[in-house]
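Asker: here's a sequence, model it:
(2 chains)
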Number of protein chains: 2
Amino acid sequence: MKTGASVYILGIDPGSAATGYAVLEDVVPVPRVVAVGVIRGGKKALSVRLAKIFSELQDIMQQHRPDEVAVEEVFHARNTKSALVLSHARGVALLAAGLAGAKVYEYPTRTVKQTVTGYGGADKEQVRKMLVATLGSAPESLDASDALAVALCHLRWSEGPVAPERKRS
Amino acid sequence: MKTGASVYILGIDPGSAATGYAVLEDVVPVPRVVAVGVIRGGKKALSVRLAKIFSELQDIMQQHRPDEVAVEEVFHARNTKSALVLSHARGVALLAAGLAGAKVYEYPTRTVKQTVTGYGGADKEQVRKMLVATLGSAPESLDASDALAVALCHLRWSEGPVAPERKRS
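Answerer: Take a look at the predicted model:
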């Protein structure tokens, strides 16, 4: 539970089948992982999966009261249809964050990878390994790990100059 | 206000700037337009626009209690980026419908046009003219008119055989 005056950041990696989330507390010298996990929608109808993502994200925000929310941005994808489905889940994530009154930021995937690993073309496993090195641990699930990476990316950029690709949403 | 046993259908044409909606009552010989309009998000941040779409759709559903909700489906768009943004609004519309407990259906744009005008390549103005001819009137706004077309399309297919492209969501 949030007690002090430190900033809580919620990172979200949205997906219609699996949405990763991670709550990071901005403490020195090492940010603390407060919560991390995956919301699974299963194979139910899209409106039912979206309702599950929405309801669980609302629970997470109510429990941890993040000050800022960072979400991965999707510009393009190899598969347009999957990018379209994914954008439905992103819309629901942005909605939940907006309704909770948090400041919402979006970061392109490449910026997240560049910030966390130093290489914009890093794969998910490399991102995960760098999170272990930086934070001491990282979740096994690559969806949850990606969400943690977005949260860490936002924390890094909120300390320094504004990321040129960052977007306030 | 809904009083009888007739079926109410809510048609939604989602967009991040303007989301059209229309409530149609299934009565003979001519379906009755119960409500029709446009939710405008303006130029605010995406999370704020999504919150407005969500909140107004919730109000509409609370007021009219639609039994079934029909939403246009987007397979591809000339502009991928605008299709991605639009999918955020669709996600929020499907969420609102799912939370309200309505049955949710999706129809490809082409099926909507084919059903309403007899021609899958009809433009928005042709769709609007056919709605005037069929229902006696149609809204000036093409976003609202498109939403009315989705509602009418669903009504037509729910009376006859199941549209092959229809998807239960």
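
Asker: residues in a beta bridge with A:Glu72, which ones?
Answerer: A:Tyr107 (DSSP bridges).

Asker: tell me who's in contact with it.
Answerer: Listed by CB atoms under 8 Å, 6 or more residues apart in numbering or on different chains, the contact partners of A:Glu72 are A:12-14, A:90, A:106-109, A:112, A:146, A:150. All C-beta atoms are positioned from the backbone trio N, CA, C, and that covers glycine.

Asker: interface residues of chain A facing chain B?
Answerer: Counting by CB under 8 Å from any CB of the partner chain, the residues of chain A close to chain B are A:45-48, A:50-51, A:54, A:74-76, A:80-81, A:83-85, A:87-92, A:94-95, A:97-99, A:104, A:168-169.

Asker: so which of those are in strands?
Answerer: Using DSSP state E, the members of these that fall within strands are A:104, A:168.

Asker: buried subset of the residues of chain A next to chain B?
Answerer: Of the members of the residues of chain A next to chain B, the ones counted as buried by neighbours, 16 or more other CB atoms under 10 Å in any protein chain shown, are A:45-48, A:50-51, A:54, A:74, A:80, A:83-85, A:87-92, A:94-95, A:97-99, A:104, A:169.

Asker: tell me the strands beside the helix-or-strand element of chain A with minimal mean pLDDT, with direction?
Answerer: The helix or strand of chain A with the poorest confidence is strand A:167-168; it has a mean of 72 (mean pLDDT, DSSP states H and E). Taking DSSP bridges as the criterion, strand A:167-168 forms sheet pairs with strand A:103-108 (antiparallel).

Asker: and the partner strand, what's its mean pLDDT?
Answerer: The average of the pLDDT scores along strand A:103-108 is 92.

Asker: distance-wise, check the residue lying farthest from the centre of chain A relative to B:Arg32.
Answerer: When distances are taken from the C-alpha mean of chain A, A:Ala45 lies farthest, 23.7 Å away, according to CA atoms, centre = their mean. Shown here: A:Ala45 relative to B:Arg32, a distance of 29 Å by CB to CB, to the nearest Å.

Asker: ok, now A:Val85?
Answerer: When CB to CB is applied, the distance between A:Val85 and B:Arg32 equals 35 Å.

Asker: what's the neighbour count on A:Asn65?
Answerer: Heads up, residue A:65 is Arg, not Asn. The number of residues packed near A:Arg65 is 15, by other CB atoms under 10 Å in any protein chain shown.

Asker: quick one, phi psi at it?
Answerer: When quoted as degrees, to the nearest 10, the phi and psi of A:Arg65 stand at phi 50, psi 60.

Asker: please tell me I have it right and it contacts A:Tyr8.
Answerer: Yes: the pair formed by A:Arg65 and A:Tyr8 meets the contact definition of CB atoms under 8 Å, at 6.5 Å.

Asker: still on that earlier bit, just the closest of the contacts of A:Glu72 to chain B, please.
Answerer: Within the contacts of A:Glu72, proximity to chain B (CB to the nearest CB) peaks at A:Arg90, which comes in at 5.9 Å.

Asker: OK, contacts around that closest one?
Answerer: With contacts defined as CB under 8 Å, 6+ apart, the neighbours of A:Arg90 are A:14, A:71-72, A:74, B:87-88, B:91.

Asker: cool, A:Ala97 as well?
Answerer: When contacts are counted by CB under 8 Å, 6+ apart, A:Ala97 touches A:10, A:12, A:57, A:61, A:69, A:71, A:104, B:47.

Asker: which of the residues you listed fall within helices?
Answerer: Secondary structure assignment by DSSP state H places A:57, A:61, B:47 of these in helices.

Asker: where does pLDDT dip in chain A?
Answerer: Within chain A, the set of residues satisfying pLDDT under 70 comprises A:1-4, A:75-79, A:159-166, A:169.
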